[in-house]
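> sequence and computational prediction follow.
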Amino acid sequence: MKPPPATIAEAFDAWTAIQAQVPGTGQEVLKRLCDEQAQIEDLAVRLPITTARDVWQLLAMATDEGGALTPASETLFQRARDEAATITAEAPVRA
């Protein structure tokens, strides 16, 4: 069994590889692939963000095409709110 992704880039690569398999699969395989993607998403939203590319990859993984919120996007947005509150409390931004 492969170790879990250690970076957002690794998670995105794994997620994208699964996404490429989705078209044309049967219901049973589709459910398995979607479950694997959800596990990757849940892990990815907790990994350190080190680049702007990480942000875009997280958004791609955490939002559905229709714009519906996913469990991963809820976690990501809560993380953003929590981190923003911490930054604001520590050092206010001056314009």
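That came through fine.

> so for the host helix or strand of Gln78, mean pLDDT?
Using DSSP states H and E, Gln78 sits within helix 71-90. Average pLDDT, helix 71-90: 76.

> list the buried residues in it.
For helix 71-90, burial by neighbour count (16 or more other C-beta atoms under 10 Å) applies to Ala72, Ser73, Thr75, Leu76. All C-beta spots, glycine's among them, are computed from the backbone N, C-alpha and C.

> is it possible to export the residues you listed to JSON lines including distance to Ile40?
JSON lines is the format used below for these (distance: C-beta to C-beta, whole Å):
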{"residue": "Ala72", "distance to Ile40": "9"}
{"residue": "Ser73", "distance to Ile40": "14"}
{"residue": "Thr75", "distance to Ile40": "13"}
{"residue": "Leu76", "distance to Ile40": "13"}
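
> quick one: which of those residues is nearest Ala44?
Of all these, Ala72 has the smallest distance to Ala44: 7.3 Å, by C-beta to C-beta.

> so that closest one is in contact with Gln37, correct?
No. Ala72 sits out of contact with Gln37 when judged by C-beta atoms under 8 Å, with a separation of 9.2 Å.
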